[in-house]
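Asker: give me a 3D structure for the following:
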Amino acid sequence: MNQEDLKKFVKPYRETIRVGEPGLDDQGRAIKDQTQWVFLDRETIEKLLRMTDAQKGGIKIYFGQYDRENLYLVPQDRRDRDQYIGKISVALSAANTEQDGIFDVFLNSEGKRSDANSIENGGIICPPYCKPPINP
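Answerer: Numbers count the residues shown, from 1 in each chain. Here you go, the predicted structure:
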């Protein structure tokens, strides 16, 4: 995921869920069964952490929502990809704390940009993948 993909991913969330509007499914209907959890594998998380400073680094988590415009971000081999439309998910970004804030690795406080693939998403979300199901 690059910076433009991240913008496309967070935009529908900011325009709907964040302001209290429900996400819309692939038929334009309000989502009634929103995301319960997101799973990202250890390898992905460790890859991002290796990009950060050992003392001041961490992971910044962006909330986002899939729609038709950004559905390409869902891995192609994922079955039932259309079920992701309208669902909330997260994107993880390698980030470092600096004197004046917490900056993604791709853009620090000095305006230095990196082409490193320092943003990841494509986690497995429930629903539709809720095995085993959780009954809180």
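Asker: CA only for contacts and neighbour counts going forward, please
Answerer: Fine.
Asker: show me where the chain has helices.
Answerer: 3-15, 42-50 (DSSP state H).
Asker: want to throw these into a markdown table with mean neighbour count and distance to Ala30?
Answerer: What follows is the helices of the chain, written out as a markdown table (neighbours: other CA atoms under 10 Å; distance: least, CA to CA, whole Å):
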| stretch | mean neighbour count | distance to Ala30 |
| --- | --- | --- |
| helix 3-15 | 18 | 13 |
| helix 42-50 | 14 | 31 |
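Asker: the ones you listed: which one's closest to Arg79?
Answerer: helix 3-15 (19.7 Å; CA to CA).
Asker: residues making contact with the closest one?
Answerer: 21, 23, 62-67, 69-70, 73, 88, 91, 119 (CA atoms under 8 Å, 6 or more residues apart in numbering).
Asker: mind doing that once more with 10 Å?
Answerer: With contact meaning CA atoms under 10 Å, 6 or more residues apart in numbering, helix 3-15 is reached by 1, 18-24, 62-67, 69-73, 86-93, 106-107, 115, 117-121.
Asker: could you tell me which of the residues you listed belong to strands?
Answerer: 62-65, 88-93, 119-120 (DSSP state E).
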